[in-house]
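>>> Sequence first, then the predicted structure, then my questions.
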Amino acid sequence: MTVLITGAGLIATHAAAALAAKGEKIVFYDVTPNLSYIDIVMEGKPYEVEIGDILDLPNILRVINKHNIKGIIHTAGVLPERARANPSLCTRINVDGSVNIFEAHRLIKLRRTVFISTIGVFDSRVCDGHPWTEDHRLGPNSYYGTTKLAAEMMGLHYARDYGVDLIAVRLSSVFGVSQYYTSRASELMRDIIEPMALEGKATIRRQVTDINQYLYAMDAGEAIALAYDLKRNSPQRIFNISDGKLTGLRKIMEIAEQNISGASITITNGAWKKSKGTNFVPEPFSLNAARKYLGYKPKWPMGKAIRHYVKKIHEREALKKN
């Protein structure tokens with residue numbers, strides 16, 4: 001079967017690679033796809049690309065019919081930093097664009113749509129000492145999170161009222177080699193790993209978030225592929241996806257030095273003083289639902305993920321020289 005992937009960034013490409021490994025045909029739908037980046041992630045797996053705007057429903061329908069699309073992975077959206085700078089654009093793309101995907105599913109009667117949601121839909125102020133289940137209190141603290149929650153809720157109404165078989169995956173902070181870095185977590189991991197891989201050392205000079213919950217892009221892609229393959233009309237439609245634990249900055253620095261041969265990393269006293277003890281979320285996700293219904297289990301612990309990240313950095317740099 002053929003799957004339409006909206007967007008062609010970090011999450012989209014890794015989801016595509018995981019689906020292609022399971023025998024699915026892949027069509028990317030993006031405004032400005034970077035083919036060199038897609039090739040790095042896809043590693044020779046076949047794919048096609050359609051250039052188009054997520055706000056152009058007639059074109060989306062044309063592409064679906066042209067390629068005999070059976071399902072959609074919807075990743076396209078304005079991400080946190082850009083959303084903060086342009087909330088109007090964020091609303092149109094994240095909300096109206098998502099409704100276009102749900103409407104396309106309804107009109108053409110597709111098999112499955114997987115909506116890429118975010119940890120940012122939750123109320124991070126709630127701290128009760130327990131891992132967050134899918135029923136943890138909602139309450140985004142960012143405009144980006146608000147638009148993602150709005151789209152997610154609309155998608156669930158499409159599922160209930162119009163037969164759209166929707167699954168939403170709420171991803172924690174995803175990192176990996178990307179063509180652009182638009183979340184603070186992915187920027188932090190970039191600023192740690194890429195200089196260490198290319199120059200042998202890195203220095204953190206600005207305030208960053210100390211404690212966070214991470215998800216390597218390879219695990220994100222596999223989780224999305226599992227959600228796409230889930231049986232129809234599952235009793236569980238929303239899944240929390242992460243590595244299932246909180247990790248501090250000092251621990252990441254230690255693991256990076258252990259897994260990037262000969263490299264070192266430091267943080268300035270001023271940056272550490274401002275960063276120490278800060279957290280993005282106070283508790284990790286519970287992965288019980290993802291394990292039960294999807295069979296999801298994180299396969300990329302931080303050390304293994306960093307080694308793979310470094311490999312991809314070197315592949316990217318080699319392509320630049322050719």
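Thanks, I have it. Remember, predicted model here, so these are calculated numbers, not experimental data.

>>> List the buried residues in stretch 264-282.
265, 267, 271-272, 275, 280-281 (16 or more other C-beta atoms under 10 Å). Backbone N, C-alpha and C define where each C-beta goes, glycine included.

>>> for the stretch 1-150 of the chain, what spans make up the strands?
Residue ranges of the strands in the stretch 1-150 of the chain, as given by DSSP state E, counting those that start in this stretch, are 2-6, 25-30, 48-51, 69-74, 112-118.

>>> which one of the buried residues of stretch 264-282 sits closest to His308?
Nearest to His308 among those: Ile265, at 18.1 Å, using C-beta to C-beta.

>>> From the chain's centroid, how far away is the helix or strand where the closest one lies?
Using DSSP states H and E, Ile265 maps to strand 264-267. Centroid separation for strand 264-267 versus its chain: 27 Å, with C-alpha atoms, centre = their mean, to the nearest Å.

>>> what comes into contact with that strand?
192, 196, 200-205, 249, 253, 256-257, 275 (C-beta atoms under 8 Å, 6 or more residues apart in numbering).

>>> From those, which land in helices?
192, 196, 249, 253, 256-257, 275 (DSSP state H).

>>> ok, so of these, who is nearest Ala104?
Closest to Ala104, out of all of the ones in helices among the contacts of strand 264-267 and judged by C-beta to C-beta, is Ile192, at 39.4 Å.

>>> Next, the contact list for the closest one, please.
202, 204, 252-253, 256, 265 are the contacts of Ile192 under C-beta under 8 Å, 6+ apart.

>>> Check the spacing between it and Ile204 real quick.
Ile192 sits at a distance of 7 Å from Ile204 (criterion: C-beta to C-beta, to the nearest Å).

>>> a markdown table for the contacts of Ile192, including pLDDT?
Converted to a markdown table, the contacts of Ile192 look like this (pLDDT from 0 to 100):
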| residue | pLDDT |
| --- | --- |
| Ala202 | 98 |
| Ile204 | 97 |
| Ile252 | 98 |
| Met253 | 98 |
| Ala256 | 98 |
| Ile265 | 98 |
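
>>> Flag the helix or strand of this protein with the lowest per-element mean pLDDT.
helix 80-85 (a mean of 86; mean pLDDT, DSSP states H and E).

>>> Give me the sheet partners of the strand holding Ile265 and which way each runs.
Here strand 264-267 is paired, per DSSP bridges, with strand 201-204 (parallel).

>>> starting at the chain centroid, how far to the partner strand?
25 Å.

>>> Contacts for the helix or strand that it is followed by, please.
Once strand 201-204 ends, the next helix or strand along the chain (criterion: DSSP H and E) is strand 211-212. By C-beta under 8 Å, 6+ apart, the residues outside strand 211-212 that reach it are 172-173, 185, 246-249, 277-281.

>>> how about these, which pair is most distant?
Spatial extent of these (C-beta to C-beta) is set by the pair Ser172 and Gly277 at 19.4 Å.
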